[in-house]
Structures are given as structure tokens and as C-alpha cells.
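Peer 1: Please find the sequence and the predicted model below.
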Amino acid sequence: MAEQKNSFSSSIGAIMAAVGSAVGLGNIWRFPYICGKYGGGAFLIVYLLFVFLIGMVLMMSEFVIGRRTQHTPAKAFSTLRPDKKGWNIIGVVGVFTLFFIVSQYHLVSGWVTSYFVDSCTGTLAGLGQNADAISQYFADFSSSVWRPIIFATIFAVITGIIITGGVQKGIERISKILMPFLLILILVLCVRSLTLPGASKGLAYLFTPDFSKLTGEGILAALGQALFSLSVGMGVMVVYGSYIPVDDNLFKTSIWITASDTLIAILAGVAIFPAVFSCGLEPAGGPGLVFCVLPQVFNTMPAVVGSIFAALFFLLVVVAALTSNISLLEGLAAWLSETANTPRRKSTLIFTVCTILMACVVSLGNGAWSDFHIFGNNIFDFVDRLNSIYMPPICALLTVIFLGWVMPEKDVRDELSNHGTLKIGYYKVFLFLARFVAPIALIAVLVSGIMN
Ligand code: TRP
């Protein structure tokens, strides 16, 4: 057994850091929107099944692989099967994907930070309730050259500085402060939203099951979202797993993380939709919901109140995005440190700079370079499709096959039971899900993603 070099100080610390990773942009603007679009309660049922039966299995798999080996995906797989070094390819594919996700994450987080500043300075309130003016503001802003890049750079640099602080003093400490703060913010916003007149229409949109809207596409979206939201499939949880204390119960920790992430996603919907419906607005999809519809909602409130709630909301998104961004960049930096044997600081610096440059390219794809197309998409949309549809299930599939079929089973059992000291009554179910259910579901997603 490898000795633990880097670790979180306690189970709570590990849970906070992993929840910080899981709760992100995916929860706050993507989940509410797709849940409403694909049939509310109907989508929710499918989503819950995927999250607990597949997402959580992947999370446990990554934790097992990471904690067992005390390695990042650069070496973890070959450590478990020294005769099959080729499986380290999972690490390479994961890093490649992470690189694109982080770049997009820097950019969109930068947008949110800029909107936070705009709500504090009154710029957003100054746009009034004119939907066209607000949409135009967003279109001009996101296609401009400098402002998005400057905010993305600030955001990325802050992320890099926190990571440089180390596992306990950087990642764990900031998560322990920000996660409780995030919960308070979201609860305040939920109360505000639920006490607006006509709030129940928003709840109905979010929760009433409408099975006619739950299409095949919706089911696939649910699986993709479950993986993305839990931050699994790209090896980031292998890295975090290597930091989980050796006496921690991986099953319990995974349940906590999964349940918290799901709860926050649902609360985000409760904070958003009642307010949107109360203003008689339509819930737009994608970036439009947060950047165009919500500013209108805030501007219907009395001026100061509206600005305060706008600032609180965008702050919530900034906080959620920051702790996720930390895990994404950590995934890259830790991999590089192990592959090239470079110190933590240096690998963090290298990837911070490279991902900022990539974020600039993605940003320009929205504006100055929008005529440049890859497979019919502009750069931003291409990266978005790569991040959300194709790459996550590929990495997830390889990981779960490795756990279920390639690595020695005794390592799995030994790690989940903490060398036989914990009871693992769930083990057979877990193995069945990892060997059969998860791979089949992931192959289905991939095939249909490619066919579309
Ligand atoms: N889970 C985050 C969200 O919901 C995104 C994220 C952070 C992520 N780290 C990740 C996704 C690692 C995949 C892999 O927004």
C-alpha cells in the first residue's frame, strides 16, 4: 500500500471539496433548464436514477482507483495492472477533455463575474425591463474582445493561486468556507422566489411530471448531465480520491456528495423558475436563462432590492463556479506533476497560462472569429458539444470498464471495506452496476450522441 502524501484533513473536508467540485455551472443554469424542457418531474425521476445508479458508481470507482494507488490518472491505472500500461490512456483522454472544459469554464465564469460587478455598479439595473436591450447587452458583451477575456483571466488566476496553496490549505480551506456560504445564498434566493406572487406556476413547471416531453434525447441529456454534474468520468475524482483519508468510508462519502449535488441543483430550479413565471416571462434555455431572463426578473423588483438580489444571485454562481474550476485545474496540474515530475506550483502555472490562452480562443469564437467553423459549429459551440456530449461518456466508459473488468477485484473489495474493517453489504449491487448497467447505458449515450 502506498503511503498518503497529500490528503484532506477529515471526511468533512473531503466532502466539502468534492461537493465544491460537483456543484457548479452545471447545477445552476443547466439543470433547471433541461429539467423544465424535458418534462419536469418526469425528467427528475430519470435523472435521480442515473445519478444514484450510474453517477455515484462512477464516483466510487474513481475514489477507489485514486485512493488505492495514491496516484493521478497518469499512473493510477498501470499501478493496478502493471502488465497493462495502455490503460493510462484514460488519463490522457481525461486531461485532453479537462483542458477544453476548463477553458470554457474560465470564460463563462468570467461572464458571471462581470455580471456580478454589473449588478453591484447598477449597470444591469440601468437596462430596465426591456428584454431586447438586455439581450443586446449580453450579445455585445459576449462577442466583445477584451472584457470577457479580462474577467476570464482574473478568474483563472484566482483559481491558480488557491491551488498553489495546496490540498489542505488551498482547496480544502476555501471549500469549507464557500460551501456553507453557497447554501445560505441559495436558500435566501429560494425564499425570495417562493414568496413572489404566482410562484406556484414555476414550481409546477419544474416538478409536474409530463412524460410526453421526456424524449429519447431527454433521457440522454439526463445521463450526460448526471455525469457532468457529479464531476465524474475525467479522472478529477481519481485525484480527489487520492486525497481522501484512508480510514474514510468511501460509500458514505459518495452518498453525501451525490445527495448534496442533487439537492443544490433542485434548489437552483426553485430559486429560478417561480421568479421567472411570477414576472410572466418564458424560461429560455442555455445561457439566455441566466444572462437575459434573470436580469429582467431582478429589474422588475424595486431598484435597490433588485440590485441586491441580482448581486446575491451572481455571487452564488461565482462561488459555485470557483470551487468547480479549482477541481478542474487541479485535475490538470496534478496529472502534469506526476507525468513530468514537476512541482505543484510549476504545473499549476503552466496549465493556468495554457487554459487562459485557450479561453481567449473560445471567447473570440463568439465574436471576432465567429465565421470560423469546425464541423459546422463555431469554436464556442464546438467546444461545448465536445465537453457535454462526446468526451465525458467516453472517459466514463473506459473508467468503469477498468474497474469492473480489468483491475483485480480484491483491490476493489479491499479498498471499499477499508481492508475488511467496514461492512459492505452493497458490494454485489455495486459490482453489477459497474460491470453491466453503467457500461451499457454509457454505450447507448455515445452511440446516440454520434448518430445525432
Ligand atoms: N460538476 C461541475 C458542474 O456541475 C463541473 C465540473 C467540475 C466537472 N469538475 C469537473 C465536470 C470534472 C467533469 C469533470 O458544473
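Peer 2: Received, thanks.

Peer 1: Could you find the closest non-adjacent residue to residue 6?
Peer 2: With CB to CB, 6 or more residues apart in numbering as the criterion, residue 6 has its nearest non-adjacent residue at 4.6 Å, and that residue is residue 167. Heads up, the C-betas are built off the backbone N, CA and C, glycines and all.

Peer 1: so that neighbour makes contact with residue 5?
Peer 2: No - at 9.3 Å, residue 167 does not count as touching residue 5 under the criterion of CB atoms under 8 Å.

Peer 1: ok, the two, which is more surrounded?
Peer 2: Each of residue 167 and residue 5 had its neighbours counted (other CB atoms under 10 Å), and the higher figure belongs to residue 167 (23 against 9).

Peer 1: Report the contact partners of that one.
Peer 2: Listed by CB atoms under 8 Å, 6 or more residues apart in numbering, the contact set of residue 167 reads 6, 7, 8, 243.

Peer 1: Next: residue 89.
Peer 2: residue 398.

Peer 1: And it, how far from the ligand?
Peer 2: When distance is defined by CB to the nearest ligand atom, to the nearest Å, residue 89 is 17 Å away from the ligand.

Peer 1: What strand or helix carries that residue?
Peer 2: Assigned by DSSP states H and E, residue 89 belongs to helix 89-121.

Peer 1: Go ahead and list the helix or strand containing the residue of the stretch 101-250 of the chain found nearest the ligand.
Peer 2: Nearest residue of the stretch 101-250 of the chain to the ligand, counting by CB to the nearest ligand atom: residue 231, 3.5 Å away. Assigning secondary structure by DSSP H and E places residue 231 outside every helix and strand.

Peer 1: same question, residue 173
Peer 2: Assessed by DSSP H and E, residue 173 sits inside helix 173-194.

Peer 1: residues in contact with that helix?
Peer 2: The set of residues that contact helix 173-194 without belonging to it, under CB under 8 Å, 6+ apart, is 12-13, 16-17, 19-20, 23, 162, 165, 199, 202-203, 264, 267-268, 270-275, 278, 309, 312-313, 315-316, 319-320, 322-323, 326.

Peer 1: and if you look at stretch 77-88?
Peer 2: Stretch 77-88 has contacts (CB under 8 Å, 6+ apart) with 2, 65, 68-69, 71, 73-76, 90-91, 398, 402, 406-408, 411.

Peer 1: excluding its backbone neighbours, what's nearest residue 356?
Peer 2: For residue 356, ignoring the flanking residues on the chain, the nearest one in space by CB to CB, 6+ apart is residue 156 at 5.0 Å.

Peer 1: again, but for residue 76
Peer 2: Of all residues not flanking residue 76 in the chain, residue 69 sits nearest, at 4.4 Å (CB to CB, 6+ apart).

Peer 1: Over to residue 67?
Peer 2: Distance criterion CB to CB, 6+ apart; nearest residue to residue 67, sequence neighbours excluded, is residue 241 at 4.7 Å.

Peer 1: residue contacts, the residue nearest to residue 356?
Peer 2: By CB under 8 Å, 6+ apart, residue 156 lies in contact with 106, 325, 329, 352, 355, 356, 359.

Peer 1: now the fifth one: how far from the ligand?
Peer 2: Pointing back at residue 355 there. Here the criterion is CB to the nearest ligand atom. By it, residue 355 lies 13 Å from the ligand.

Peer 1: Wait, that residue touches residue 99, no?
Peer 2: Yes - the pair residue 355 and residue 99 qualifies as a contact (CB under 8 Å) at a distance of 6.6 Å.

Peer 1: Give me the common contacts of these two.
Peer 2: With CB under 8 Å, 6+ apart applied, the overlap between the contact sets of residue 355 and residue 99 consists of residue 332.

Peer 1: So between the two, which is more surrounded?
Peer 2: Set side by side, residue 355 and residue 99 give different neighbour counts by other CB under 10 Å, the larger being at residue 355 (29 against 16).

Peer 1: For the residue nearest to residue 356, which three-state class applies?
Peer 2: helix (DSSP: H, G, I helix; E, B strand; the rest coil).

Peer 1: Now residue 450: closest residue in space that isn't a chain neighbour?
Peer 2: In space, residue 450 comes closest to residue 390 once its chain neighbours are excluded; the distance is 7.6 Å by CB to CB, 6+ apart.

Peer 1: For the one you found, list the residues it contacts.
Peer 2: Residue 390 touches 446, 449, 450, counting by CB under 8 Å, 6+ apart.

Peer 1: Work out for me the element the first one sits within.
Peer 2: In this structure, residue 446 sits in helix 438-451 according to DSSP H and E.

Peer 1: Report the buried residues of that helix.
Peer 2: By neighbour count on 16 or more other CB atoms under 10 Å, the buried set for helix 438-451 is 438, 439, 441, 442, 445, 446, 449.

Peer 1: Just the buried positions in the host helix or strand of residue 355, please.
Peer 2: Under the criterion DSSP H and E, the helix or strand holding residue 355 is helix 344-366. Using 16+ other CB under 10 Å as the burial criterion, the residues of helix 344-366 that qualify are 344, 347-352, 355-356, 358-360, 362-366.

Peer 1: re earlier: please spell out the PyMOL selection for the buried subset of the contacts of stretch 77-88.
Peer 2: Selecting only the buried members of the contacts of stretch 77-88 in PyMOL, with burial defined as 16+ other CB under 10 Å, works like this:
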select buried, resi 65+68+69+71+73+74+75+76+90+91+398+402+407+411
